[in-house]
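In: Fold the following for me, if possible:
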Amino acid sequence: MSLPAPARGLALALATLATTLVPAAAAHAAPAPPAPEPRVTQGPEPYYFDEQYGAAYDVNGSYTPVVGDFAGTSATDDILWYAPGTGAEQAWTSFGDGQFTKQVAPQPVNGSFTPLVGDFGGDQRDDIFWYGPGAAADRLWINTGNGTFAFTSYVVSVNGTFTPSVLENGTARSDIVWWTPGATVVPVWSFPGANGTHVAHNLTPAKGTRPVVGHFSTDHLDDVFWYGPGAVKDSLSVHDAAIGSFTTTPQGISGSSYKPVAGDWGAQGDGIEDILWLTPSGASPLWVSKGNGTWTTTKFLDVPHDATVVPFVPGGGWTTAYLYRPGTTSDVFYDALPTAETRPVAGTHVISSGYRPIVGRFSADHLDNVFWYKPGPAPEYLWR
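Out: Residues are numbered from 1 along each chain as shown. As a prediction, the model looks like this:
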């Protein structure tokens, strides 16, 4: 299965960080974490995670995590621990109960790539596009679906330096947006065949904009909001049903420095994604999509400015956000609307600095979980 939208949004937002990780280190025993301390809370009801940790969850190395249903044995997500360079990859197959089977990945990657996960083969399985910046060779791995982490590899040439985004299109094939800062012509690749063949189409955003990906319309195809700070002209490219076809309309958000986060922030979830515009100071405006290219600004949310927003979808269908502040007891936006309810997190360890939140559906209930990974010999945690 493909990553849920918030998880995908998260994965893309962390792509730059992922490519900076060093090759796999020699395995070391991770120090045992202290037991989580119970929290005495007053005010809002705490938000409880079921935390699992111990040797079964320790990675013991420096990797780029790649999340998707690669083994094909269930509807849950697996983790491919990619070691940039020539290090050996690890393949973790999910049991569906928060447990994993660990093995050396049967296919080595051998190189420095940005991994992009999507359904590029048209069979509703998760595939991996290995993008090498510049003139480096690129590969497309199409999932064989035989339950063994096996892929058929095709050579694909991108020839350029980009910050790519994947467009998820429901049960249809995924697309790739090849954006680079300052670009006014942005190629979008669609994959009509099963052997890596692609068709390129161009979008023409204003110079100085960057893409915010989410399904902002009612058809559940991913669209692109082009956000530019200050006086730069914003726009929205809505994905039409035809391959590579978009309808672009002008947009406008006042302000000069936002960090947009897409998610279904509307009341109880309506299946259409919205945009939370995080600000460096003051309250953050929330745009709720009407599904037709227009928005309602319904709330200004007091998101802690030192927090990293980690979107995930628990039970209920709407997007919830964990507000990660390293070394502190953090909070969760349980529901952005109608009350913008924030709850304190309870029953878990306090996550220190250096950890990366990895969102995926590692349980058979098809709800999002958060795996906390830290490069090197450190304890890892799974929150369900």
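In: show me where the stretch 101-250 of the chain has strands.
Out: Assignment of strands within the stretch 101-250 of the chain using DSSP state E, counting those that start in this stretch yields the ranges 114-118, 127-131, 138-143, 151-156, 163-169, 172-179, 186-190, 199-203, 210-214, 223-227, 234-239, 246-251.
In: Return the set of buried residues in stretch 155-172.
Out: By neighbour count with 16 or more other Cβ atoms under 10 Å, stretch 155-172 contains the buried residues 156, 158, 162-169, 172. Using the backbone N, CA and C atoms, a C-beta is placed for each residue, glycine as well.
In: Now the terminal residues of it, how far apart.
Out: The stretch stretch 155-172 measures 22 Å between its terminal residues, going by Cα to Cα, to the nearest Å.
In: So what's the model's average confidence on that stretch?
Out: Stretch 155-172 comes out with an average pLDDT of 92.
In: just stretch 306-318 next, same as before
Out: The predicted model assigns stretch 306-318 a mean pLDDT of 83.
In: buried residues in it?
Out: Buried-residue list, stretch 306-318, by 16+ other Cβ under 10 Å: 307-314, 318.
In: ditto for stretch 351-359
Out: For stretch 351-359, a neighbour-count test (16+ other Cβ under 10 Å) marks 351, 355-359 as buried.
In: Looking at the residues you listed, spot the one nearest Asp222.
Out: Val359 (16.9 Å; Cβ to Cβ).
In: tell me the secondary structure for that closest one?
Out: Going by DSSP: H, G, I helix; E, B strand; the rest coil, the secondary structure assigned to Val359 is strand.
In: In this structure it contacts Thr319, no?
Out: No: proximity of Val359 to Thr319 does not meet the contact threshold set by Cβ atoms under 8 Å, at 10.9 Å.
In: who touches stretch 139-150?
Out: Contacts of stretch 139-150 from elsewhere in the structure, counted by Cβ atoms under 8 Å, 6 or more residues apart in numbering, are 70-73, 78, 80, 91, 93, 103, 105-107, 113, 120-121, 123, 125-130, 151-156, 194-196.
In: Also stretch 185-203?
Out: Residues lying outside stretch 185-203 but in contact with it, judged by Cβ under 8 Å, 6+ apart, are 120-123, 140, 142, 154-156, 167, 173-180, 204-205, 211, 224, 237, 243-246, 248.
In: and with 6 Å instead?
Out: With Cβ atoms under 6 Å, 6 or more residues apart in numbering as the test, stretch 185-203 has contacts from 120-121, 140, 154, 156, 173, 175-179, 204, 237, 243-244.
In: where does the chain dip in pLDDT?
Out: 1-43, 73-74, 267-268, 315-316, 334-340 (pLDDT under 70).
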